[in-house]
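K.L.:
with the input below, show me the fold.
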Amino acid sequence: MADLSDMQLLNIAENDKSGTATGIRIALSMLLRVRPHVHTVALMTDGSVRVNQSQIGNRYTTSTQETGPSYILRNPDHPQANDPVLNSVFAPLS
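P.N.:
Residues are numbered from 1 along each chain as shown. This next block holds a predicted model:
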């Protein structure tokens, strides 16, 4: 999975939208069935990395953000499957 390109990941997502079950979708669905405590599984291709540093008074904060297409599969059977806060952690692939 680490070798997926952006285009391959986008193609997988497009196949899912059309209803075609991909090998990755089947494997991730099986993972969610055998580990029902898992809320979300996300795959992301390599992207550019941005590091931001800020200072408020004597306090320094560093945040790292990596961008790239992501493929997200949520567990519909998870007790918090419809929690908007948890679902906002990862933005769906558009």
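K.L.:
which parts of this protein are strands?
P.N.:
40-44, 49-56, 59-66, 70-74 (DSSP state E).
K.L.:
select, out of those, the one closest to residue 10.
P.N.:
Proximity to residue 10 (CB to CB) singles out strand 70-74 among those, at 8.8 Å. The way it works is simple: take the backbone N, C-alpha and C, and place the C-beta from them, glycine included.
K.L.:
buried residues in stretch 19-31?
P.N.:
The neighbour-count check on stretch 19-31 (16 or more other CB atoms under 10 Å) flags 24, 25, 28 as buried.
K.L.:
burial measure for the closest residue in space to residue 80 that isn't next to it in sequence, as a count.
P.N.:
Spatial nearest neighbour of residue 80, chain neighbours left out: residue 86 (5.5 Å); criterion: CB to CB, 6 or more residues apart in numbering. Residues near residue 86, counting by other CB atoms under 10 Å, number 14.
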